[in-house]
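Trainee: Provided below for reference: sequence and predicted model.
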Amino acid sequence: MKEVLSLFLLLSTTVMAKPEYAISRFGRPKHTEIEKSMPYLNPTAPKGGRLRMATVGSFDSLNRFVVKGFAAEGLTMCYDTLMKRAADDPYSMYGLVAEKVDLAPDSSEMTFYLNPKAKFHDGQSITTEDVKFSIEILRDKGLPRYKKYYSRIKAIQIIDPQTIKLTFSPDEQGNYDKELPIIMGNLVVLPKHWLKDKDFSSLTLEEIPGAGPYKVKSYELGRKIIFERVSDYWGAELPLLKGANNFDLISIEYFKSDHALRESLKAGEIDFYMEMDQKNWNTAYDFPAVKDGRVIKMQMEHKRPVPVRTIIFNMKKPIFEDRRVRKAIAMAFDFNQINKTQYHNAFKPMTSLFANTHFVPQGKLSAEELKLLNPFKDHLDAEILEDTIKIPKGDRRKILQEAGQLLTDAGWVIEKGVRVNKVTKQPLTFTFTVKDPRIEGLALEFQRNLKPLGIHMQVAKIDTTQYEKQSVEKTFDVILHTWANSLSPGIEQTYYFDPKMADQPGSSNYIGIKNEAIFALAQKVANADSESNLKAAVGALDRAVMGMYYMIPGMYDNVTCVAFWKDRLDYPAFKEEVGTNVPEWWWAKS
């Protein structure tokens, strides 16, 4: 009778496609069902050994799903999702906890079929009760973005312990979000049996059992965390993971400074470090082990999306309300000088949040971009509909004269060498808050850039805990913020720019932007139904965000710099299309 009921429930709804091993936002998935492994992995990589990593900062939580606390790095290794991306296929999701999926042609609903082998670290099998519970607890108790994701689920229907159907709500026009099924594939599955009687939002120092390839072995709060490989990990032989997750132990040690971290690398106390500071890469790796070849400096250029560093304004601060003020401050930022003095000319100037990808807008607007932007021209500056932003070049005096005129036009004038509001006489002053000594040099250089305009920018270096508190609660003036976009931008863009999330602590609208035009363009990205429409939508959004100067254009580089002990680690052949992933793809030498 139970089997008959399950069959009836499946047949009584929207006609579904044949269950598939993968879904794709556009077209077909790149990899077939019969492939045995991924081309960027070594399927015969040996298991064993250890990887000792390090980072700068601290942590006070093992729960990365909630606002409270600062979660330790590496916790993503402990949890599995319903589906998983392949590193070389940005538009698709492949079966993981859910081995198959049915997706309605109009994306109105989808049915997941769980892998009967999937289990949590405590040995409990994963069931659809866990999937339903995960959706609900993340929506109700998790980070703000989860509420945004999962509130668009109209109904959750458990068919049987291995089969669950999700029905989605349409938008106001009756259309269904084509990316939402991809987002649901990325759902982290949490254990209902372990969490049901706990206060999830306050849970910080108890490890939540996951189903991933690693689990927490031990930790010293704020100082070190050690993960151990799950020896009987249920998904180890899946084609998507064959040759991945090879280290028996992975430790992450926390340091107060990058100098102390590198000293630990020199002493052989950590095995590798991915250097993000190009100045250090060019000056701080001349120790004996590098010179004699025991430590390898590997520098690899890639074609992946890159972290883009910008200095963001807090739009809650009244002094930043006027675009002319923001643009003038941005014009004063002397990229070329800062790049030379602080980073050995290692960085490239950024004019796009999607740097190093085919999404970067080029020159004049395309017809498609103009069509998307025209309805919002009253909410955007006219310059945006003309061309991309330009990094100031040439005579610094002329650049600063133009910036000064913008400030004067905005009502900020020079009196006794100080830029003040001509009505209130309030000086134009603000604070650049940093937590990392590596950023302090940039901030001090920028401080000097602003002096000729009569602007006093204070530089405040605070500890990590204070810094994260300011970031989450949005009480800073300006901070350095790193944007990390993918090759499949979508619904996450609406979270970055949703006006309703601007004042919410912990939300992804880091800047506090309340521009309905920007939000509408972000929705165009989320709802794009083809690669060409996605490119046009991303271009229009990027032009609008950058052109409104909600941030000071910063820098990026497309080079991965890794220093590692040669006799300890090995790795698969480097492919510039996917880059590298040390903890997941590398292995220990015997």
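Mentor: Arrived safely, thanks for sending.

Trainee: residues contacting the residue at minimal distance from the centre of the chain?
Mentor: Per Cα atoms, centre = their mean, the C-alpha nearest to the average position across the chain is that of residue 484, at 4.3 Å. Residue 484 makes contact with 305, 307-308, according to Cβ atoms under 8 Å, 6 or more residues apart in numbering. Yep, even glycine has a C-beta here, placed from its N, CA and C like the rest.

Trainee: confidence score at it?
Mentor: Each residue has a pLDDT score; the one for residue 484 is 88.

Trainee: repeat for residue 508
Mentor: pLDDT, residue 508: 89.

Trainee: OK, contacts around the spatially closest residue to it that is not a sequence neighbour?
Mentor: By the measure of Cβ to Cβ, 6 or more residues apart in numbering, the closest residue to residue 508 outside its immediate chain neighbours is residue 495, 4.1 Å from it. In this structure, residue 495 makes contact with 144-145, 148, 501, 507-509, judged by Cβ under 8 Å, 6+ apart.

Trainee: ok, 6 Å please
Mentor: 145, 148, 508 (Cβ atoms under 6 Å, 6 or more residues apart in numbering).

Trainee: what of residue 442?
Mentor: The contact partners of residue 442, by Cβ under 6 Å, 6+ apart, come to 338, 342.

Trainee: again with residue 310
Mentor: 481, 551, 554.

Trainee: wait, the second one touches residue 312, no?
Mentor: Spelled out, it's residue 551. Yes: using Cβ atoms under 6 Å, residue 551 is in contact with residue 312, at 4.6 Å.

Trainee: gap between the residue nearest to residue 122 when sequence neighbours are not counted and residue 140?
Mentor: Nearest in space to residue 122, with sequence neighbours left out and distances taken as Cβ to Cβ, 6+ apart, is residue 209 at 5.0 Å. From residue 209 across to residue 140, the span is 20 Å (Cβ to Cβ, to the nearest Å).

Trainee: with neighbour numbers in mind, choose between the two.
Mentor: residue 209 (19 against 13; other Cβ atoms under 10 Å).

Trainee: surely that one is within a helix?
Mentor: No: counting by DSSP: H, G, I helix; E, B strand; the rest coil, residue 209 is not part of a helix but coil.

Trainee: report pLDDT for it.
Mentor: At residue 209, pLDDT is 96.

Trainee: quick one, domains of this structure?
Mentor: Split into domains by automatic domain parsing, the chain comes to 80-204, 214-297+564-588, 308-553.

Trainee: could I get these as TSV with distance to residue 29?
Mentor: Below are those laid out as TSV (distance: least, Cβ to Cβ, whole Å):
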stretch	distance to residue 29
domain 80-204	4
domain 214-297+564-588	11
domain 308-553	12
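
Trainee: more crowded one of residue 551 and residue 312?
Mentor: residue 551 (25 against 20).

Trainee: please give me every residue in contact with the more buried one.
Mentor: Counting by Cβ under 6 Å, 6+ apart, residue 551 touches 310, 312.

Trainee: got the phi and psi for it?
Mentor: Backbone torsions for residue 551, taken as degrees, to the nearest 10, come to phi -150, psi 160.

Trainee: read off the pLDDT value for it.
Mentor: pLDDT, residue 551: 97.

Trainee: for it, give its distance to residue 482.
Mentor: 11 Å.

Trainee: and for residue 570?
Mentor: From residue 570 across to residue 482, the span is 29 Å (Cβ to Cβ).

Trainee: and those two? Which one has more around it.
Mentor: residue 570 (17 against 12).

Trainee: test my guess that the more buried one contacts residue 589.
Mentor: Yes: taking contacts as Cβ under 6 Å, residue 570 lies within contact range of residue 589: 5.3 Å.

Trainee: residue 155 and residue 481, how far apart?
Mentor: From residue 155 across to residue 481, the span is 38 Å (Cβ to Cβ).

Trainee: so between the two, which is more surrounded?
Mentor: residue 481 (16 against 11).

Trainee: contact partners for that one?
Mentor: Going by Cβ under 6 Å, 6+ apart, the list of residues near residue 481 reads 310, 312, 510.

Trainee: make it 8 Å
Mentor: Here residue 481 is in contact with 309-312, 510-511, 551 (criterion: Cβ under 8 Å, 6+ apart).

Trainee: cool, residue 321 as well?
Mentor: residue 315.

Trainee: torsion angles phi and psi at it?
Mentor: phi -70, psi -30.

Trainee: for residue 546, same thing?
Mentor: phi -70, psi -40.

Trainee: do I have it right that it meets residue 354?
Mentor: No: with contact defined as Cβ atoms under 8 Å, residue 546 does not count as touching residue 354 (10.2 Å).

Trainee: ranges for the helices of the stretch 201-350 of the chain?
Mentor: Assigned by DSSP state H, counting those that start in this stretch, the helices in the stretch 201-350 of the chain fall at 258-266, 278-283, 288-291, 323-332, 335-343.

Trainee: which one of those helices lies nearest to residue 366?
Mentor: Between residue 366 and the helices of the stretch 201-350 of the chain, the tightest spacing by Cβ to Cβ is seen for helix 323-332, at 23.7 Å.
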